[in-house]
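S.K.: need a structure here:
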Amino acid sequence: MHISLFQAILIGVVYYLGNIGTPWLSLLGSISVVYKPLVAGTLVGFILGDPVQGCIIGAAINLPYVAFISAGGTAPQDPGLAGTVGTAWALAAGVDPSAAVTIALPLGLLGTMIWVAHMTLDVTFVHMADKAADQGDIDKICFWHVVPPQILMFCLCVIPATIATYFGSTAVQGLIEQLTGRPLTVLQVIGGLLPALGIAMNLRAISRPGTLLFYMIGFILVQYMKLPVIAVAVLGLVIGYFYTMLLNNNQVQQAATPDGTPSVTLDDDDEEDF
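M.R.: The predicted structure is shown next:
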């Protein structure tokens, strides 16, 4: 599959929209929905004319990152770059999802360089916003906080991703052709093992006492009662809602007065009644 320059630019835009530093498609101001390789791979598949295979490859790349979390501004990996450029390379080379995982994971490591460059250069805009704050200029504070950082992020994301997609796809396609045979089989086996790392990290979080019981209930419902996964997910949503409500009620009870009765604040009308 040949990737045109226009398609490569669109893939770079997808990477920009899915980056941590962009607010346009974020969830409650946090990580963008396009940051996940499953979503990014599907969008790349639409751009390259094969959304189904893009979704399959994106889902495979997503597995090693299933327990990924970015805490405190750190980004040890970049699933966004792996999901966009990795899927594009895999589609261009025509490899299966297992080999695509092996191709994409090094991109996740290289993506941290873009994040570090972004954080380093953004410090300049912070100092400019501080000067505007000293002057009491709210408009300049908002400008330095949003406009220049997003222009910088757009350049840092779109340009490298476009170059890597446009020129790298041909190189990867030639490399896969050279590896045809046993080397490619080894690459597929390694790619098949890598998702186990993400699943193991996720199981480590699930093994906590507060969540292990719910995991066991879901496992029984799917494996032994043969319920569809969607039905179990909806049931889990309902259980999670009531579980959260019970936790909130418990916190209210803990904030009650020492004699066990909740503290009540009376308004003026209630005071007149008394």
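S.K.: Give me the pLDDT value at the nearest residue to Val232 once chain neighbours are set aside.
M.R.: Among residues not flanking Val232 along the chain, Leu221 sits closest, at 5.1 Å (CB to CB, 6 or more residues apart in numbering). C-beta: built from backbone N, CA, C; applies to glycine. Leu221 is assigned 88 on the pLDDT scale.
S.K.: Leu221 belongs to a helix, doesn't it?
M.R.: Yes - counting by DSSP: H, G, I helix; E, B strand; the rest coil, Leu221 is part of a helix.
S.K.: how many other residues sit next to it?
M.R.: When neighbours are counted by other CB atoms under 10 Å, Leu221 registers 17.
S.K.: For Ile206, see how far away it is.
M.R.: For Leu221, the distance to Ile206 equals 15 Å [CB to CB, to the nearest Å].
S.K.: Okay, and the closest residue to Gly236 other than its chain neighbours sits in which element?
M.R.: Among residues not flanking Gly236 along the chain, Gly218 sits closest, at 6.4 Å (CB to CB, 6+ apart). Assigned by DSSP states H and E, Gly218 belongs to helix 209-223.
S.K.: For that helix, buried residues please.
M.R.: 218, 221 (16 or more other CB atoms under 10 Å).
S.K.: Can you give me the buried ones in stretch 116-136?
M.R.: Using 16+ other CB under 10 Å as the test for burial, stretch 116-136 gives 118, 125, 128-129, 132.
S.K.: Keep only those of these that are in strands.
M.R.: Taking DSSP state E, every one of these sits outside strands.
S.K.: Which pair of those spans the longest distance?
M.R.: Spatial extent of the buried residues of stretch 116-136 (CB to CB) is set by the pair His118 and Ala132 at 21.0 Å.
S.K.: pull the helix or strand with minimum mean pLDDT from this protein.
M.R.: helix 268-273 (a mean of 50; mean pLDDT, DSSP states H and E).
S.K.: isn't Gly108 right next to Asp78, touching?
M.R.: Yes - judged on CB atoms under 8 Å, Gly108 makes contact with Asp78 at a distance of 4.9 Å.
S.K.: Find residues that contact each of these two.
M.R.: The contact sets of Gly108 and Asp78 do not overlap (CB atoms under 8 Å, 6 or more residues apart in numbering).
S.K.: outside of the helix holding Gly218, which residues touch it?
M.R.: 205-206, 227, 229, 232, 235-236, 239.
S.K.: Which other helices and strands does the longest helix anywhere in the chain contact?
M.R.: For the chain, the helix with the greatest residue count under DSSP state H is helix 138-178. Of the remaining helices and strands, those touching helix 138-178 by 3 or more CB pairs under 8 Å, 6 or more residues apart in numbering; DSSP states H and E are helix 5-17, helix 79-93, helix 97-134.
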